[in-house]
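# Could you look at this predicted model? Sequence included:
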Amino acid sequence: MGAHSEEAGTHRGWLAAINPLNSVRKGLIAGSGLLVLILIAVVAGSAWMIREYQADTATMQRKADTALLLQGAESHVGTAGLMLQRFAVDGDPVWLPEIVGAADDAGANLDIVRARARADNDRADIARMQAIDVTGDSLRGNLEQVVAVRIGGDVPAAMLTLDAMVVPFRQFRDDLRAAADDELAEVATVQQDVNRSGDLAFWLLVTSGVIGVTLGAGVSALIARSIIRPLSSLEATAMTASTGDMSVRAPAQGPRELAKVGEAMNHMMSTVGERTEELRLSNEELRERNRQLLEARAQAASDPLTGLLNHRKFHQKVREVVEEETESGQPVGLIMLDVDNFKQVNDQLGHLKGDEVLRELASTIAEVAGQDHSYRYGGDEFSILLPGYDHKKTGEMAQRLLEAVTNGKTGESITVSLGVAAYPEMAGTAQELVYRADMALNWAKSSGKNQVGDWHSLISRKPDSEPRTRATKTTTADSAVAH
């Protein structure tokens, strides 16, 4: 019994020896030590979140750049396809450098994307690029075949090969567009991670402040009056910091232990304040980059010289309109317009005057046909996409455009040639619609210019027909034979 009592007394003595509340000094040491550990954890957590934020920001930038590269590659591929189609039609070697240049630019963009996927060891991106490369290599071979056959003078064989490229060409562009969309989706996902990191940093700061205040109040109740004022100052500092004011500092005075706590708190708030400012600046930079990216995407759909929608937007819109009108059963009209002898305008009046002529012509087209229907197709060529217009209404619109230009609304004495086609009367797909209108335009230019070429009339022409009117009348089918 005596031995048991002695053992219990020894156990109680050991607990009293290690209990930090059995004296002011031990309580102060224990409380200050715990507070320092909390502050160190806060600083370490803040540093970790900063590193995560910087890594996420770098990932967002890399993904956004990759998306822009893929969008650029898709645009170059579309340009190469259009130039190849024109070369197959007219065999003019002037298209060859543009075809090769657009194809090489697309390949260069894809090379960069491919290298990034390998550097990141991203198996999904590597597999996707391999699939894109297979289709791209096949299309490159078909392109070279079309060029070789057309140079050899075999137009039918060139057109057959070109027609065979339509489906894989469309799939290739869709794959590039889908890859770019995936990259942008990943940018949005990383953005959410960045936002979560910011919220976590805020709540970590608030929690650390509350814990610091609670701990300070508990320790202050256990120590002598001589240290109440320093503890009160620490408490007030922690309370102020918990509201988000990182400029407050604790006085480094009083007992040595409390002074060290004050110094540690000041260091913590200085570090957190710096990290918070870095987060704020980084968020502002990220918002600016997002704004620039959105502006770049909006500008990518418009032509900087004329203000009309551009070539890439036209091809995107014509596919969408044809698909929509196919479901609704409504027709789609298309007019291709080209300035006659535009090279002479540049040579005689200078390129600045040529740009002014294009702007004035674009204004006339937008005024007659509507801004939303008007596109700059490339160079001095324009296109007017008319949802709900059948062949007859499209021809009437082309005639109004011809008369507007002929009557001098552009400010310079110029003439234009126009090509007219309509879906589904003359074409079964969006690509065929563009092709028909372009062929009608080529006929109008080669048959004397300053007139409207009508694809429907061209395919229904008679052998003994003679060309009819120009300038103010739509060219009929019979004039195709004269050419």
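Received, thanks.
# any idea how the chain splits into domains?
Following automatic domain parsing, the chain resolves into domains at 20-300, 311-482.
# State the mean pLDDT of the first one.
Domain 20-300 shows a mean pLDDT of 77.
# ok, and the closest non-adjacent residue to M60?
V190 (4.7 Å; Cβ to Cβ, 6 or more residues apart in numbering). For every residue, glycine as well, the C-beta is placed using N, CA and C.
# so I384 sits in a strand?
Yes - counting by DSSP: H, G, I helix; E, B strand; the rest coil, I384 falls inside a strand.
# contacts for stretch 329-337?
Stretch 329-337 is contacted from outside by 318, 321-322, 325, 365, 369, 377, 381-391, 393-394, 397-398, 401, 416-425, 433-434, 436-438, 440-441, using Cβ atoms under 8 Å, 6 or more residues apart in numbering.
# next one: stretch 377-390 to chain centre, how far?
Put simply, stretch 377-390 sits 25 Å off its chain's centre (Cα atoms, centre = their mean, to the nearest Å).
# Flag every buried residue along that stretch.
Residues of stretch 377-390 classed as buried: 377-378, 380-387, 389-390 (neighbour count, 16 or more other Cβ atoms under 10 Å).
# From the residues you listed, which shows the smallest pLDDT?
In terms of pLDDT, G378 ranks lowest among the buried residues of stretch 377-390, with 90.
# what ranges do the strands span in the protein?
332-339, 374-378, 381-387, 416-423, 452-454 (DSSP state E).
# which residues does L200 contact?
M49.
# Please pick the buried ones from the contacts of stretch 329-337.
318, 321-322, 325, 365, 369, 377, 381-387, 389-391, 394, 397-398, 401, 416-425, 433-434, 436-438, 440-441.
# Roughly how far does the closest residue to V248 other than its chain neighbours sit from E278?
Nearest non-adjacent residue to V248, counting by Cβ to Cβ, 6+ apart: T240, 4.2 Å away. Distance from T240 to E278, counting by Cβ to Cβ, to the nearest Å: 21 Å.
# and if you look at W48?
For W48, the distance to E278 (Cβ to Cβ) stands at 14 Å.
# go on, L200?
Distance of L200 to E278, computed by Cβ to Cβ: 15 Å.
# repeat for V134
45 Å.
# before we move on, back to that, highest mean neighbour count out of the domains of the chain?
When you average the neighbours per residue for each of these (mean count of other Cβ atoms under 10 Å), domain 311-482 leads with a mean of 19.
# Figure out how far that one is from the centre of its chain.
On Cα atoms, centre = their mean, the centre of domain 311-482 falls 31 Å from that of its chain.
# Equivalent analysis for stretch 234-245, please.
Distance, centroid of stretch 234-245 to centroid of chain: 43 Å (Cα atoms, centre = their mean).
# And for stretch 130-144?
Counting by Cα atoms, centre = their mean, stretch 130-144 is centred 25 Å from the centre of its parent chain.
# what's the answer for stretch 87-104, then?
28 Å.
# Just the terminal-to-terminal distance for it.
End-to-end distance for stretch 87-104, by Cα to Cα, to the nearest Å: 17 Å.
# Give me the contact list for it.
Contacts of stretch 87-104 with the rest of the structure, by Cβ under 8 Å, 6+ apart, involve 76-77, 79-80, 83-84, 86, 140, 143, 146-147, 150-151, 153, 155, 158-159, 162, 438-439, 442.
# Stretch 62-76 now?
Under Cβ under 8 Å, 6+ apart, the answer for stretch 62-76 is 102-103, 105-107, 109-110, 112-113, 116, 173, 176-177, 179-181, 183-184, 186-187, 190, 289, 293, 296, 300, 312.
# Okay, and which of those map to helices?
102-103, 105-107, 109-110, 112-113, 116, 173, 176-177, 179-181, 183-184, 186-187, 190, 289, 293, 296, 312 (DSSP state H).
# Leaving aside the residues adjacent along the chain, what's closest to S46?
Leaving aside its sequence neighbours, S46 sits nearest to R275 (Cβ to Cβ, 6+ apart; 4.8 Å).
# That neighbour and V210, how far apart?
19 Å.
# How about A164?
71 Å.
# Would you check that the residue nearest to V248 makes contact with L234?
No - the pair T240 / L234 is not scored as a contact, 10.9 Å apart, by Cβ atoms under 8 Å.
# just the angle between the longest helix belonging to the chain and strand 374-378, please?
Ranked by number of residues, the top helix in the chain under DSSP H is helix 24-90. Helix 24-90 and strand 374-378 are oriented at 80 degrees to each other (axes from the mean of the first three to the mean of the last three Cα atoms, to 10 degrees).
# Can you give the distance from helix 24-90 to the centre of its chain?
17 Å.
# follow-up on the earlier one: which pair of the buried residues of stretch 377-390 spans the longest distance?
D380 and D390 (27.9 Å; Cβ to Cβ).
# In contact with Q85, which residues?
162, 435, 438.
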